[in-house]
Every structure is written in C-alpha cells, then in structure tokens.
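S.K.: Need a 3D model of the sequence below.
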Amino acid sequence: MPSTDARSSLSASASASGADFASASVPRHLARGAVGFGALIAAFALIPAFGPATLLLAPVGLVALRGCPMCWTIGLAQTLSRGRLRKECADGHCELKPAR
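M.R.: Now for the predicted structure:
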C-alpha cells in the first residue's frame with residue numbers, strides 16, 4: 001500500500017498532467033459546446049440528405065468538445081467553479097473550500 005506522501009505526490013502529478021478541461025470563460029465554453037454538439041448532430045442527421053460525407057463533421061465536433069461530451073461537461077463545471085473553489089491538502093487529506 002502506498003504511503004501518504006506517495007498518494008499526495010500521485011494526485012499532484014495528476015493535476016499537473018493537464019487534466020483540465022476548463023475554458024477561459026463561460027461564453028467561450030458554451031460556444032465550443034454549440035459547435036461541438038451541432039457538428040455531431042449534423043453529422044448523423046444530414047446523412048439521408050447528403051450521404052455519408054456528412055460524417056466528416058463528427059471529428060470536428062469531437063475536437064470542439066475536446067474528446068467527448070462528458071469531457072465538455074466536466075470542463076463546464078471546472079469553468080463555472082474556477083475562482084470560486086480552491087483545493088487544500090494537509091496530512092494526505094484534500095478538501096475543496098470556498099476561495100477567500
């Protein structure tokens with residue numbers, strides 16, 4: 001079983017690895033969502049009218065959503081909470097607390 005120091009260093013390296021899906025602002029994040037979900041919906045909804053070539057919109061949607069719809073949703077939560085919450089770690093135990 002890893003020690004407390006090993007666990008805290010693992011969590012610190014995970015947060016430093018770039019697992020951040022937040023955008024610079026909420027409007028920018030919502031715009032990315034509109035482009036991403038719009039492209040994904042159009043990719044499949046337009047197949048009867050324009051054929052399989054419309055599936056080329058699917059990668060555009062996935063890039064706009066940064067990989068998947070859940071990644072976009074996590075990013076929305078991160079964007080909304082940015083500046084409102086902070087993480088405090090002491091003795092191997094981390095808590096979210098309101099920013100002062």
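S.K.: what residues are up against L96?
M.R.: 85-88 (CB atoms under 8 Å, 6 or more residues apart in numbering). Every C-beta, even on glycine, is put in place using the N, C-alpha and C of the backbone.
S.K.: Repeat the analysis, applying 10 Å as the threshold.
M.R.: The contact partners of L96, by CB atoms under 10 Å, 6 or more residues apart in numbering, come to 81, 84-88.
S.K.: again with R86
M.R.: With CB under 10 Å, 6+ apart, R86 has these contacts: 95-100.
S.K.: got it, and L56?
M.R.: Neighbours of L56 in contact, by CB under 10 Å, 6+ apart: 39, 43.
S.K.: Mind pulling up the pLDDT for it?
M.R.: On pLDDT, L56 comes in at 95.
S.K.: G75 now?
M.R.: On the pLDDT scale, G75 gets 91.
S.K.: and the one helix or strand it maps to, what does it pack onto?
M.R.: Following DSSP states H and E, the helix or strand that holds G75 is helix 69-81. Helix 69-81 sits against helix 26-45, helix 57-64, with contacts defined as 3 or more CB pairs under 10 Å, 6 or more residues apart in numbering; DSSP states H and E.
S.K.: So which of those helices is nearest I74?
M.R.: helix 26-45 (10.9 Å; CB to CB).
S.K.: Please put the alpha-carbon coordinates of stretch 69-84 into CSV.
M.R.: Output of stretch 69-84 as CSV, limited to C-alpha atoms (Å, rounded to 0.1, in the frame of the first residue of the first chain):
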residue,chain,number,x,y,z
PRO,A,69,-19.4,15.2,-24.5
MET,A,70,-18.5,14.2,-20.9
CYS,A,71,-15.2,16.0,-21.2
TRP,A,72,-17.1,19.1,-22.3
THR,A,73,-19.4,18.7,-19.3
ILE,A,74,-16.5,18.4,-16.9
GLY,A,75,-14.9,21.4,-18.4
LEU,A,76,-18.2,23.4,-17.9
ALA,A,77,-18.2,22.5,-14.2
GLN,A,78,-14.5,23.5,-14.0
THR,A,79,-15.1,26.8,-15.8
LEU,A,80,-18.0,27.6,-13.5
SER,A,81,-16.1,26.8,-10.4
ARG,A,82,-12.8,28.5,-11.3
GLY,A,83,-12.0,31.2,-8.8
ARG,A,84,-14.8,30.1,-6.5
